[in-house]
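J.: Build the 3D model from these lines:
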Amino acid sequence: MTTTTAENTAESHVFEADVARLLHMMVHSVYSDKDVFLRELISNAADACEKLRYEAIAHPGLLANDPDSRILLTLDADGGKLVVEDNGIGMSRDEMIEALGTIARSGTRAFMERIEANKQGEGAQLIGQFGVGFYSCFMVADRVDVISRRAGAEDAWLWSSDGKGGYSVAPVDVSEAPVRGTRITLHLMEDAKSYASRWSVERIVKEQSGHVPVPIKIAEKPGEEATQLTDGTALWTKSKNDITSEEYTDFYRGVSGQYDEPALTVHFRAEGRHEYSALAFVPGSQPFDLFDPDRKGRMKLYVKRVFITDEAELLPRYLRFVRGLVDTSDLPLNVSREMIQESPILTAIRKGVTNRIITAIEKQAESDHDAFLNIWGNFGSLIKEGLYEDFERRSQLLALSRFRTTTSGDGYRSLADYVRDAKEGQQSIYYLVGGSLEQLKASPQLEGFRARGIEVLLLTDSVDSFWVTNAPEFEGKSFKSITQGSADLAQFKKQDEDKPESESAPADVQAFLDYAKQKLADEVSDVRASDRLIESAVCLVASEQGYDRQLEKILQGAGRLQSGAKPILEINMDHPVVKAIAAKADAPSLRDDAAFLLLDQARVLDGDKPADPRAFAERLARLMEKALQ
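T.: You can find the predicted model right below:
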């Protein structure tokens with residue numbers, strides 16, 4: 001690149017540590033698919049054009065005599081260069097330093113860790129996901145020069161770097177710069193010279209950038225007349241019948257920053273009171289920042305094909321994994337952020353788009369079970385947030401939800417499946433909440449349900465502790481935690497018995513229960529015989545009022561509950577240990593130790609520690625000593 005910049009006017013800068021580390025990875029080719037660099041540069045150029053169109057709404061003079069956006073690719077095979085130029089918003093000196101010298105994203109470190117852990121597997125996808133696309137050009141270039149002139153500005157600037165540690169910024173004569181916009185010149189590495197050939201560039205553009213909403217032209221040599229590669233027609237304005245699945249996938253990758261295949265595409269035009277087009281995608285895999293508490297949705301708002309914002313709440317929070325856009329003609333082009341937040345038009349659009357997306361997921365659940373389970377596996381925990389956030393669609397979302405249960409094996413069950421197979425006289429949908437599937441399957445509270453063939457939902461997502469308290473019923477059956485209140489299992493016979501069991505306890509066992517209740521009064525609210533337990537001796541449950549055991553732990557851990565309610569200790573009257581202890585009525589010290597040890601055993605089974613580890617150890621030692629005498 002030739003410039004009239006004096007060498008002594010150039011400012012030298014050192015890249016931030018994270019940028020330097022990232023560039024080292026790029027230069028040393030951590031990705032097998034290097035084609036991604038061109039897609040990222042074209043995407044950035046299209047964004048710059050969209051930003052100019054938006055700013056020009058308030059300041060039409062920015063467009064001057066050149067109102068039509070464009071992207072120009074210039075090839076220089078003899079010089080080993082590729083130039084990507086746009087006539088978008090451009091950058092000032094400070095914007096250039098901010099945009100090209102730093103990575104102002106909290107996810108940068110996570111990006112580094114993932115690309116180091118998976119150097120060949122998901123690189124192309126990660127580049128787009130983490131918003132560091134510009135730096136991908138150092139995979140193919142040993143030097144990159146960027147000349148930019150902000151729309152309406154009188155000066156232009158040159159940014160230059162070899163990607164090895166630093167960069168320079170210097171003023172450049174405006175005669176060497178675009179009238180507005182940005183020109184990026186890539187000095188290609190020896191093994192990347194093919195990116196200066198028309199065949200290679202045209203292939204990449206048509207495969208990966210064919211539907212950016214800005215026309216793309218190509219010139220085979222510097223100074224040669226350019227020919228058009230794409231017309232910049234917005235994909236969402238076309239009829240669905242005129243769009244191939246490959247074109248949808250290409251557009252999805254551009255709008256989502258991911259390199260997987262969309263699991264579901266929802267494309268429609270609404271007409272009537274409000275007119276708008278929507279094109280939305282459910283990703284085929286989880287975005288890296290899916291559970292970032294500060295993460296907002298990724299639906300863009302356009303007005304008459306002019307990009308307005310990507311911060312409008314076009315979908316409820318529980319659908320924040322959906323990527324895409326809405327384009328409406330019902331809003332003014334100069335719509336303000338405040339107007340967007342309060343607009344009844346946007347409220348109506350939000351409702352319409354949400355309904356269409358949920359309906360599309362429902363249809364997929366009916367027509368393609370495996371594809372739906374892929375969506376549920378990736379995003380089911382988010383969809384379940386809607387069970388307590390979206391009262392209007394709660395019944396719809398409950399029917400859509402899928403669960404692991406005690407009878408599902410490695411698969412999933414719906415609530416309709418559960419209700420269909422419920423026991424005669426069963427009035428509740430039973431559930432158990434915990435941290436992992438393995439932990440739940442080993443829970444002693446399940447024993448009585450399993451022995452009677454009663455299905456239990458196994459809920460492992462943190463959101464599960466909350467939505468079950470807000471979901472009053474499904475098809476007439478209420479939700480009931482098996483760790484809260486009485487189980488009421490005596491009415492159901494065990495699978496290996498002919499009659500429902502008797503609730504009466506042997507006199508000595510009942511006497512021990514009464515004794516333990518008195519002895520443990522400071523620790524538990526009650527000690528009672530259990531119909532939940534078959535193999536285990538004890539378990540803890542919560543009272544009928546208040547919180548479920550797992551929800552209580554979550555609230556305490558979050559500092560929203562100072563102290564939990566006293567639990568109930570349930571004891572298995574038929575357990576050999578309990579019977580043996582009950583028979584020792586003449587050994588009060590042993591019964592004391594046994595009562596507290598049973599309580600600590602129940603705590604351990606519940607995922608907790610003994611309340612007093614030293615006292616627990618001393619009691620256990622005394623009991624072992626007596627047993628070994």
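J.: quick one: what helix or strand has the spatially most central residue of the chain in it?
T.: Centroid-nearest residue in the chain, with CA atoms, centre = their mean: Leu290, separated by 2.2 Å. Applying DSSP states H and E as the criterion places Leu290 outside every helix and strand.
J.: any idea of the pLDDT on it?
T.: Note for Leu290: predicted pLDDT of 73.
J.: Could you pull up the residues touching it?
T.: 320-321, 379, 382 (CB atoms under 8 Å, 6 or more residues apart in numbering). For the C-beta atoms, the positions are set from N, CA and C on the backbone; glycine is no exception.
J.: any idea how far it lies from Arg53?
T.: Applying CB to CB, to the nearest Å, the value for Leu290 to Arg53 is 31 Å.
J.: again with Arg39
T.: From Arg39 to Arg53 the distance is 21 Å (CB to CB).
J.: mind pulling up the phi and psi values for Ala595?
T.: Per-residue torsions, Ala595: phi -60, psi -50 (degrees, to the nearest 10).
J.: What sits closest to it if chain neighbours are left out?
T.: Ala516 (4.3 Å; CB to CB, 6 or more residues apart in numbering).
J.: burial of that neighbour, as a residue count?
T.: Ala516 has 26 neighbouring residues, counting by other CB atoms under 10 Å.
J.: which element is the closest residue to Glu473 other than its chain neighbours on?
T.: Once flanking residues are discounted, Glu473 sits nearest to Phe479: 7.3 Å by CB to CB, 6+ apart. For Phe479, the host element (DSSP H and E) is strand 477-481.
J.: mind listing what's buried in that strand?
T.: 477, 479-481 (16 or more other CB atoms under 10 Å).
J.: How far away from the center of its chain is that strand?
T.: 28 Å (CA atoms, centre = their mean, to the nearest Å).
J.: what lines up beside that strand in the sheet?
T.: Strand pairing for strand 477-481, determined by DSSP bridges: strand 428-433 (parallel), strand 473-474 (antiparallel).
J.: Ok, which of the ones you listed comes nearest Ser414?
T.: Of all the strands paired with strand 477-481, it is strand 473-474 that lies closest to Ser414, at 9.9 Å by CB to CB.
J.: which residues are in contact with the closest one?
T.: For strand 473-474, with CB under 8 Å, 6+ apart as the criterion, the contacting residues are 395, 398-399, 415, 419, 429, 479.
J.: Mind doing that once more with 7 Å?
T.: For strand 473-474, contacts defined as CB atoms under 7 Å, 6 or more residues apart in numbering pick out 398, 415, 419, 429.
J.: again with stretch 384-392
T.: By CB under 7 Å, 6+ apart, stretch 384-392 touches 316-318, 393-394, 397-398, 401, 461, 463-464, 466-467, 470-471.
J.: 10 Å instead?
T.: Contact with stretch 384-392 is made by 316-320, 351, 354-355, 358, 376, 383, 393-398, 400-403, 459, 461-464, 466-471, as judged by CB atoms under 10 Å, 6 or more residues apart in numbering.
J.: now do the same end-to-end measure for that stretch.
T.: End-to-end distance for stretch 384-392: 14 Å, by CA to CA, to the nearest Å.
J.: Which positions within that stretch qualify as buried?
T.: Residues 384-390 are the ones in stretch 384-392 that count as buried (16+ other CB under 10 Å).
J.: which residues of the stretch 451-600 of the chain fall in helices?
T.: Along the stretch 451-600 of the chain, the segments classed as helices by DSSP state H, counting those that start in this stretch run 464-470, 507-519, 549-557, 576-582, 588-605.
J.: looking at those, which one has the lowest mean pLDDT?
T.: helix 549-557 - the lowest mean pLDDT of the helices of the stretch 451-600 of the chain, at a mean of 78.
J.: continuing past the helix or strand of the chain with the lowest mean pLDDT, what's the next helix or strand?
T.: Sorting the helices and strands of the chain by mean pLDDT, DSSP states H and E puts helix 123-129 at the bottom, at a mean of 43. On the C-terminal side of helix 123-129, the closest following helix or strand by DSSP H and E is strand 141-149.
J.: Can you list the strands that that next one pairs with?
T.: If you go by DSSP bridges, strand 141-149 pairs up with strand 156-161 (antiparallel), strand 181-188 (antiparallel).
J.: Looking at these, spot the one closest to Leu628.
T.: Across the strands paired with strand 141-149, closest to Leu628 is strand 156-161 (CB to CB), at 75.9 Å.
J.: Low-confidence bits of the stretch 1-150 of the chain, can you list those?
T.: Scanning the stretch 1-150 of the chain with the threshold set as pLDDT under 70 gives 1-8, 18, 24-33, 102-132.
J.: which residues of it fall in helices?
T.: Using DSSP H, counting those that start in this stretch, the helices of the stretch 1-150 of the chain run over 17-27, 36-58, 93-101, 108-117, 123-129.
J.: Determine the three-state secondary structure at Leu229.
T.: Taken by DSSP: H, G, I helix; E, B strand; the rest coil, the conformation at Leu229 corresponds to strand.
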